[in-house]
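Compute the structure for the input listed below.
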Amino acid sequence: MKIGRMRRLDYGLYYIGSCFFNFAIWGFFFRLIISINYLYYESDVCQLLIIFITAIILLIFYTVPRFYCIIARLHDLGKSGYYSLWTLLPFVSFILIFLKGEDRDNQYGEDPKSKGKKLLMNNLYDTNLDEKQ
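All right, here's what the predicted structure looks like:
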């Protein structure tokens, strides 16, 4: 599967946005689950089981896109996706925001910065050719 590359800005915005989104979602769901459990269930075991199942589901929905973005960021650095296992350690995925990617095409795709430059240059050259003819 070809994932591609991700620039620092895109990864940083994803990282910050996902942190805020996850705090909001986790807070909302835990508050909702606890309030529902106090209304309908007397047992602490039922409450803990529902919280655990919800946490597992939320963790799956959070982890899959997270690793996809981490792998794309590592590809921009010229590293394999297997290095994403290091991001299970605290603050390693945060450090990826500050590492500069390769300025050239690599085995994982073309430079994400050059895509915009190529598009701009192609549009400039195309309009100049149309005006001359």
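
nearest residue to Lys100 other than its sequence neighbours?
Arg8 (7.1 Å; CB to CB, 6 or more residues apart in numbering). Any C-beta I mention is one placed from the backbone N, CA and C, and that applies to glycine too.

I figured the one you found was touching Ile97, is that so?
Yes. Counting by CB atoms under 8 Å, Ile97 is a contact partner of Arg8 at 6.0 Å.

Who are the contact partners of the residue nearest to Lys100?
The contact partners of Arg8, taken as CB atoms under 8 Å, 6 or more residues apart in numbering, are 73, 76, 97-101.

go with 10 Å
73, 76-77, 96-101, 112-113 (CB atoms under 10 Å, 6 or more residues apart in numbering).

ChimeraX command to pick out the buried ones of those?
Applying 16 or more other CB atoms under 10 Å to the contacts of Arg8, the buried members can be selected in ChimeraX as follows:
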select :73,76,77,96,101,112
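
now the contacts of Arg8 as JSON lines including secondary structure, pLDDT and distance to Phe20?
Shown next, in JSON lines, are the contacts of Arg8 (DSSP: H, G, I helix; E, B strand; the rest coil; pLDDT from 0 to 100; distance: CB to CB, whole Å):
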{"residue": "Arg73", "secondary structure": "helix", "pLDDT": "89", "distance to Phe20": "19"}
{"residue": "Asp76", "secondary structure": "helix", "pLDDT": "86", "distance to Phe20": "23"}
{"residue": "Leu77", "secondary structure": "coil", "pLDDT": "87", "distance to Phe20": "25"}
{"residue": "Leu96", "secondary structure": "coil", "pLDDT": "85", "distance to Phe20": "18"}
{"residue": "Ile97", "secondary structure": "coil", "pLDDT": "84", "distance to Phe20": "15"}
{"residue": "Phe98", "secondary structure": "coil", "pLDDT": "88", "distance to Phe20": "20"}
{"residue": "Leu99", "secondary structure": "coil", "pLDDT": "85", "distance to Phe20": "23"}
{"residue": "Lys100", "secondary structure": "coil", "pLDDT": "84", "distance to Phe20": "25"}
{"residue": "Gly101", "secondary structure": "coil", "pLDDT": "82", "distance to Phe20": "25"}
{"residue": "Pro112", "secondary structure": "helix", "pLDDT": "75", "distance to Phe20": "24"}
{"residue": "Lys113", "secondary structure": "helix", "pLDDT": "73", "distance to Phe20": "26"}
